[in-house]
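Trainee: let me see the structure of the following:
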Amino acid sequence: MTKTQILESGIIKDYIGNIDMLDLHKTAFLCSRKIPGDVILKCHDWAVRMRDEGRCVISGFHSAIERDVLQYLLRGKQPLIIVLARGLKQKIEAELKTHLNNGRLLIISPFNKDIKRITAQTAIERNRLMIEIADSIVVGFCKPDGSISKLLQEVSKDVIFLR
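Mentor: Residues are numbered from 1 along each chain as shown. Next up is the predicted model:
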C-alpha cells in the first residue's frame, strides 16, 4: 500500500515522524514472546542483514526478541517504522527522539490517544495493521496455536519464517 492509500483508509489514527516512509518497501517483523534459543540467533542475524542492506523494517518491537531486533536496527541508518498496540505515547524515549529528528523513524498507531494500555486484542489489531501495509512479512517464530499463527491464516502475502 502507498502512503496515500494508507492515510485515506483511516487505519492509522495517529503518527509522529517521517510519514513518507509509508511509500518505501516495508518488511514486517513479527515474533512470539516465547521462542526457542536457536531462533534467537536467526532473528539477530536477520536484523543485522536488514540493517546492513538498509531495509525498512516495520514492527511493534514489543516482545523481548523484537526489542533485541530494534536495538540492532537502531545502530544502522535504515528507516524504521514502529507500530504501537496503544495510542501514541505522551513522552517518546530519548533513544528514539534522535532517530525521529533525523527523519529515519516513524511511529504509528491504529488507536486514538485515549487507548493507553496494551491488551491481547490491541496487539492483534496492531499486527493486522502491520501485515496489511507491509510489502513482505518475516516471522521469527510463532506458536502453531498462537495469535500470530491465527492471523497469518488470513494473509494472502508470502511469509518467510526464520525457523
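Trainee: report the buried residues of stretch 77-94.
Mentor: 78-88 (16 or more other CB atoms under 10 Å). (Each C-beta comes from the backbone N, C-alpha and C, glycine too.)
Trainee: pick out the most distant pair among those.
Mentor: Comparing every pair within those by CB to CB identifies Gln78 and Gly87 as the most remote, at 26.3 Å.
Trainee: tell me how far the residue nearest to Leu80 when sequence neighbours are not counted lies from Gly76.
Mentor: With CB to CB, 6 or more residues apart in numbering as the measure, Leu105 is the residue that lies nearest to Leu80, at 5.2 Å, once sequence neighbours are left out. The gap separating Leu105 from Gly76 is 12 Å, by CB to CB, to the nearest Å.
Trainee: likewise for Ile40?
Mentor: 19 Å.
Trainee: what are the boundaries of the strands in the protein?
Mentor: In the chain, the segments counted as strands under DSSP state E are 14-17, 26-30, 56-59, 80-83, 105-109, 136-139, 159-161.
Trainee: got the contact list for the closest residue to Arg126 other than its chain neighbours?
Mentor: Closest residue in space to Arg126, ignoring its immediate chain neighbours: Ala85 at 3.9 Å, by CB to CB, 6+ apart. Each residue near Ala85 by CB atoms under 8 Å, 6 or more residues apart in numbering is listed here: 60, 62, 111, 118-119, 122-123, 125-126.
Trainee: filter those down to the buried ones.
Mentor: For those, a neighbour count by 16+ other CB under 10 Å gives the buried set as 60, 62, 111, 122-123, 125-126.
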